[in-house]
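In: prediction below, plus the sequence it came from.
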Amino acid sequence: SYVDSEAFIVNNRMEIAKNYLKTWFLLDLATSLPLDSLLCAANSTSNPGFLRVVKIVRFLKLARFVRVKRILNNWELSITSKIYLTVIRLFKFCMLMLFSMHLCGCLWMLMAIIDTCNGNDVVDPQGCVCDASGCYPNNWLASYDLYMYQSIATDSELFPRYLVSIYFATVTLTTVGYGDVVPVRDAERACAIFLTLCGAIVFAFCVGSISTLVTQGNLTEVYIDRELRTIQDFFRLRNVPKNLRMRAKQHLLHTAKNAQHLVHPCLNSIPYRTRQKIIENMMKGALDKHPFFANMDYDCRCFMAEYLTPVIVQKDETLFEALDVGFEMYF
């Protein structure tokens, strides 16, 4: 099954097949074909560097990483705990950093893998380096560790090579750059420039997002705090007496604590019946304490809950005076 654009779960097999053909089919087909074996069977072994480049097609499977993001987004919708939401968002940014480092590390290793040497006992800064043991390309990996470069032909030392690439990607993305792994050829320098620019963008985005998550609170709390500051600024501008300012502040805080829907307009876009049930659930504790609402019909109670406003009353405060026209009902 899959979830369509309107958030409905589709279980029809024909619809599932059509959706798969329109989304992941071509990607899975391209990454599942044994292209290197087909090229070897076609006698294309004269250029081993080309065969290594063909294997890059398999990296397209990394596009499925977007499914992880979709799963995390669904978790965010189903979780209401502020702590858990923050942990999930931090996890998303950490995954973005790790994924970026992995891609950059693979790209950096690719610069060494596709490099081949056809030199003949010469030393060429942009070509080959030859010694008594033979000729090898003048690239960053051979300059860093010749034995590690020679292990590419036998597919050994895979993890050390990957670790060196990730190390370079990490110090580049974080704009540290220790200088022990350096580009040698022009293509490698261009790649290093590209990685540095990407690193500056990705690293700045992740650090800024994490800082925002750490410093900001619940969005509703932020909205209420902004409303409170707006009211205080208005009172200072109009020279409202201090006692009235304090009463207004206490009323706003009390309303925000017991009936957030009256302070924050976030529920206005939700369908009427659903909004009523949400509000009834939010005010359930207060409604159950009053006998008038405790035994009321559920639909009527949902309707009434939307119009109830919690009020904080000070000592010796007057609610009604003689001959006042009643616009409010108190329970």
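Out: That came through fine. Computed from a predicted structure; not experimentally measured.

In: going forward, measure contacts between C-alpha atoms and count neighbours the same way
Out: Noted.

In: quick check: phi and psi on residue 253?
Out: Taking degrees, to the nearest 10, you get phi -60, psi -40 for the backbone angles of residue 253.

In: count the neighbours of it for me.
Out: Neighbourhood size, residue 253 [other Cα atoms under 10 Å]: 18.

In: now do residue 179
Out: By other Cα under 10 Å, the residues close to residue 179 number 9.

In: so it: helix, strand or coil?
Out: What DSSP: H, G, I helix; E, B strand; the rest coil gives for residue 179 is coil.

In: can you check residue 183 too?
Out: coil.

In: that one contacts residue 192, correct?
Out: Yes - counting by Cα atoms under 8 Å, residue 183 touches residue 192, with 7.1 Å between them.

In: so where's the chain uncertain?
Out: The model of the chain has pLDDT under 70 over residues 3-8, 30-31, 33-82, 115-127, 129-135, 153-156, 213-220, 331.

In: show me which positions of the longest helix anywhere in it end up buried.
Out: Across the chain, the longest stretch assigned as helix under DSSP state H is helix 82-113. Buried residues in helix 82-113, defined by neighbour count with 16 or more other Cα atoms under 10 Å: 85-86, 88-90, 92-93, 96-97, 100-113.

In: tell me what that helix is packed against?
Out: helix 48-54, helix 65-78, helix 158-173, helix 186-215 (3 or more Cα pairs under 8 Å, 6 or more residues apart in numbering; DSSP states H and E).

In: next, the angle helix 186-215 makes with it.
Out: Using axes from the mean of the first three to the mean of the last three Cα atoms, to 10 degrees, the inter-axis angle of helix 82-113 relative to helix 186-215 is 180 degrees.

In: just want the angle from helix 82-113 to helix 158-173.
Out: Using the same axes, to 10 degrees, helix 82-113 lies at 110 degrees relative to helix 158-173.

In: all further residue positions should be reported with the first residue as 54.
Out: All right, first residue 54 from here; so that's helix 135-166.

In: just how off-centre is helix 135-166 within its chain?
Out: Its chain's C-alpha centre and that of helix 135-166 lie 10 Å apart, by Cα atoms, centre = their mean, to the nearest Å.

In: measure residue 374 to residue 236 for me?
Out: Going from residue 374 to residue 236 by Cα to Cα, to the nearest Å gives 86 Å.

In: looking at the two, which has the bigger crowd around it?
Out: residue 236 (21 against 8).

In: residues contacting the more buried one?
Out: 192, 193, 242, 245 (Cα atoms under 8 Å, 6 or more residues apart in numbering).

In: my guess is the first one meets residue 165, correct?
Out: Spelled out, that is residue 192. Yes - in this structure residue 192 lies within contact range of residue 165 using Cα under 8 Å: 6.2 Å.

In: moving C-terminal of the host helix or strand of residue 70, what's the next helix or strand?
Out: Residue 70 belongs to helix 66-75 when assigned by DSSP states H and E. Following helix 66-75 in sequence order, the next helix or strand is helix 78-85 (DSSP H and E).

In: chain center to that following helix: distance?
Out: Computed by Cα atoms, centre = their mean, the chain-centroid distance of helix 78-85 equals 26 Å.

In: what does stretch 199-208 give?
Out: Centre-to-centre, stretch 199-208 and its host chain are 37 Å apart (Cα atoms, centre = their mean).

In: can you tell me what sits against that stretch?
Out: Counting by Cα under 8 Å, 6+ apart, 166, 194, 195, 210, 211, 213, 214 sit against stretch 199-208.

In: returning to that earlier point: who's in contact with the helix holding residue 70?
Out: Helix 66-75 is contacted by residues 54, 55, 63 when judged by Cα under 8 Å, 6+ apart.

In: if I look at the residue sitting nearest the centre point of the chain, how far off is residue 295?
Out: Compute the mean C-alpha point of the chain, and by Cα atoms, centre = their mean the closest residue is residue 145, 4.3 Å away. Separation of residue 145 from residue 295 (Cα to Cα): 47 Å.

In: I'd guessed residue 340 sits against residue 347; true?
Out: Yes - between residue 340 and residue 347 a contact is recorded at 6.3 Å, counting by Cα under 8 Å.

In: more neighbours: which of the two?
Out: residue 340 (19 against 15).

In: for the more buried one, give me the backbone phi and psi.
Out: Backbone torsions of residue 340, given as degrees, to the nearest 10, read phi -70, psi -40.

In: same deal with residue 232?
Out: phi 90, psi 0.

In: and residue 324, by the same measure?
Out: Phi and psi for residue 324, reported as degrees, to the nearest 10, are phi -50, psi 150.

In: count of neighbours near it?
Out: If you count neighbours by other Cα under 10 Å, residue 324 ends up with 9.

In: give me the distance between it and residue 331.
Out: If you go by Cα to Cα, the gap between residue 324 and residue 331 works out to 11 Å.
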